[in-house]
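Asks: What would the 3D arrangement of this be:
(chains A and B)
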Protein chains: 2
Amino acid sequence: MFVDYLKKTNSKLEKIQSVLVAIGGNEDKEKDLDVLKQTVLLTDKKDPYIELITTASSMPEESGASYIAAFEKIGIKNVKIMDIRIREQTKNSEYLERLKNADVIFFTGGDQLRITSILGGTPVLETIKSRYYNEKCVIAGTSAGASAMSETMIYEGEICEALCKGKVQLTSGIGLVENVVIDSHFIKRGRFSRLMDIVTANPGSIGLGLGEDTGVVIRQGHLLESIGSGLTVIFDGQHIKYTNISDIQIGEAIAVENVCVHTLVKGHGYNLLTRRYITPSEKGGLAY
Amino acid sequence: MFVDYLKKTNSKLEKIQSVLVAIGGNEDKEKDLDVLKQTVLLTDKKDPYIELITTASSMPEESGASYIAAFEKIGIKNVKIMDIRIREQTKNSEYLERLKNADVIFFTGGDQLRITSILGGTPVLETIKSRYYNEKCVIAGTSAGASAMSETMIYEGEICEALCKGKVQLTSGIGLVENVVIDSHFIKRGRFSRLMDIVTANPGSIGLGLGEDTGVVIRQGHLLESIGSGLTVIFDGQHIKYTNISDIQIGEAIAVENVCVHTLVKGHGYNLLTRRYITPSEKGGLAY
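Replies: The predicted model follows:
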C-alpha cells in the first residue's frame, strides 16, 4: 500500500527530506507543551538549534521571549530570534548563515500579510525554501506562520461575512505546500465558512483547518499527521455536484452540494495527493 | 421524479397539510422583512391571524412587542401574544381555542429548554401538534423556537468545547420534525462542530444549521426549501467511513472521516428522506 501511495506522489515531493509543522495557534506553552515538544523531536537531535522568525508579530520582542521561555521549559536553550521587520534586513548575511544552520525554523504568529509582504522574494525566504527542498530540517509556523505556508493564503474574511462570494481575501503564501489552503484558530473562531468557500471556488485545493494547540506534521509535502490536543479539519471539494458560485454576484451567498469534511485528532493522518484519510492503524503501514 | 420522491415518503408524512418554518434567529424586522413575509404568505390568507408564543424568552413582553411591530410593517394586524410562563397556564381554555383558530403559530427566541420544559406534554402543545398533523396551518419558530422543533434538540454546547465527546447537550424537542437536529445562529456563532458531533454520534439524524435572517420551509415533514438572506447548512453522516467516537472517553476529541456538507441559499432545497439536494431548476419539477 505504501508503494501505491508513492506511485502517485510526484518526484519533487518524494525528494523532500524536510518536515513542515503547521500549528493552529495558541499552542500550550505552560503545561505539557506537547506541540512544541513534538516539533523539536522531529529534528532527531539532542540539542537542536531553533531560529524564531518573529516577522508576523507587531510585538516581536514579546513574541520571541515567550517562545524562548517555552522552549527552555523543555530543555532547549539554543534558540535565537530573527527579528526581521523590513525588507532591507532580509539580505543580512549573518541571518542567511544562521538559517543555513538552524535545525528548526519557526515562524511565530501575528499577521500573515507581514510574512509575505516582508519576506516574499527575498534571500531569507529563498534560503528557507532551498533548505526545505534540498536538506533535512524542520520548518514550523503557528497561527499566521501556519497560514502563510500554503501557496494560496487566506489573510482576511470574518465569519459573519464568509460564504458570500468575494468575502474571503486571498493572496499568495510562501508556497511550501501545494494544493492546500491553511486556516488557523479554526474551531475557536468558527471559520468553517472560509474553507467551504475556498474548496467551492476551486476544488483543486484542499481546505485545512487547524484548531488551537493543534498542528499537522507534513512529510514529503503531502502526508499529514495531526498532533496536539485539538482538531484538524479537512475540506475536500472533489465530489462537489452543484454550486451557484459562477452564477452569482459578489456578496451573494454560495450554495454548494457535497463537500466532504473529515476531522483528525492526534495520530490520525491525511494524504493530500490521494485525498485519503489515514486512521491510526493504517498509519503504521505507511511507516510514518 | 416527483412520484419517485413520494414512493419513498412514508404515509404519515404525505398526509401533513401544515407547513413548518424554522428560522435561524435575528430575522430582519426593519428593512425588507423577507423571512416574516414568506412565513405569512404560506397561509394563503389575506388577513392571517398570528399567535406568538413567547415562552422561550425571559423578556416576553419586549419580544412579543417587537414581532407585533414587525408584522404591522407588512400589514398584518391580527397578532396576539400567548405569554405562557408556567405549566399551569397551558390548560387555559381560551389559549386552546385561540391555537385552534390561528393561521400562524410562531415561537419566538430565547431558551429552547423553556419551551420544552414548560410546554412539553401539555394541552397547549398537544393542540399545536394535532393541528400540525391534521389541519392546514403554519407553525414557525425562530432561534430557540426553531431548535425546539426537532425530536432531538441541542440546548447547550459552545464551540470552543464542541467536537469533544459529550460536550454537546441534547434533550427531547417538541418533535414536529423527525430525523433531524436543528441548530440556529449557525454561521455567526460558528457552530459547525456541534452538528459534526451530532451526525457522527448518529448518522441517522441530519444536521440542519440555520444562519441568521435565514430559514427553511418544511413541507410534508421532509421537503426543505431555504428562505431569507443567508445560509442553511446540511450535515449528512450517512457515508461516514470511520470514527473513533465509541472508543474515546468523555471530553476527548472526535475524529471522523467523510461527513457530507451542503449549503443552501434562497430557492434551494433538500429532501430529508432521500437525503437529496434540490437545485432551483429541479425544485420546479417537485412542484413546491
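
Asks: Near chain B, which residues of the stretch 151-288 of chain A? Just list them.
Replies: Proximity of the stretch 151-288 of chain A to chain B, by CB under 8 Å from any CB of the partner chain, involves residues A:159-160, A:162-163, A:187-193, A:196, A:229-231, A:241-242, A:244, A:252-266, A:268, A:277, A:279. Heads up, the C-betas are built off the backbone N, CA and C, glycines and all.

Asks: Please list the members of the residues you listed that lie in strands.
Replies: Among these, the ones falling in strands (DSSP state E) are A:Tyr242, A:Val256, A:Glu257, A:Asn258, A:Val259, A:Cys260, A:Val261, A:His262, A:Thr263, A:Leu264, A:Tyr277.

Asks: what about the third one, how many neighbours?
Replies: What it means is A:Glu257. 23 (other CB atoms under 10 Å in any protein chain shown).

Asks: Tell me which two in the ones in strands among the residues of the stretch 151-288 of chain A next to chain B are the farthest apart.
Replies: Pairwise distances across those peak at 27.2 Å for A:Tyr242 and A:Leu264 (criterion: CB to CB).

Asks: who's more crowded, these two?
Replies: Remark: of A:Tyr242 and A:Leu264, A:Leu264 carries more neighbours, 28 against 16, as counted by other CB under 10 Å.

Asks: so who does that one touch?
Replies: Counting by CB atoms under 8 Å, 6 or more residues apart in numbering or on different chains, A:Leu264 makes contact with A:Val216, A:Leu224, A:Ser226, A:Leu231, A:Thr232, A:Val233, A:Ile234, A:Tyr270, A:Tyr277, B:Ala255.

Asks: what residues does the helix or strand harbouring A:Glu51 touch?
Replies: Following DSSP states H and E, the helix or strand that holds A:Glu51 is strand A:50-53. When contacts are defined by CB under 8 Å, 6+ apart, strand A:50-53 is touched by residues A:40, A:64, A:67-68, A:71, A:76, A:78-82, A:84, A:98-99, A:102-108, A:115, A:119, A:145.

Asks: how does it look with 7 Å?
Replies: A:64, A:67, A:71, A:76, A:78-82, A:84, A:98-99, A:102-108 (CB atoms under 7 Å, 6 or more residues apart in numbering or on different chains).

Asks: Buried ones among the residues you listed?
Replies: Applying 16 or more other CB atoms under 10 Å in any protein chain shown to the contacts of strand A:50-53, the neighbour count classes A:64, A:67, A:71, A:76, A:79, A:81-82, A:84, A:98-99, A:102-108 as buried.

Asks: how about the strands in the stretch 101-250 of chain A?
Replies: Assigned by DSSP state E, counting those that start in this stretch, the stretch 101-250 of chain A shows strands spanning A:104-107, A:138-142, A:152-156, A:169-172, A:180-183, A:206-210, A:214-219, A:223-228, A:232-236, A:242-243.

Asks: Tabulate the ones you listed in a markdown table, adding columns for mean pLDDT.
Replies: Listed next are the strands of the stretch 101-250 of chain A as a markdown table, based on pLDDT from 0 to 100:
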| stretch | mean pLDDT |
| --- | --- |
| strand A:104-107 | 98 |
| strand A:138-142 | 98 |
| strand A:152-156 | 87 |
| strand A:169-172 | 89 |
| strand A:180-183 | 94 |
| strand A:206-210 | 96 |
| strand A:214-219 | 96 |
| strand A:223-228 | 96 |
| strand A:232-236 | 96 |
| strand A:242-243 | 96 |
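
Asks: Quick one: those as a markdown table, columns for distance to A:Glu88 too.
Replies: Compiled in a markdown table, the strands of the stretch 101-250 of chain A are given as follows (distance: least, CB to CB, whole Å):
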| stretch | distance to A:Glu88 |
| --- | --- |
| strand A:104-107 | 20 |
| strand A:138-142 | 23 |
| strand A:152-156 | 23 |
| strand A:169-172 | 22 |
| strand A:180-183 | 28 |
| strand A:206-210 | 32 |
| strand A:214-219 | 31 |
| strand A:223-228 | 36 |
| strand A:232-236 | 37 |
| strand A:242-243 | 45 |
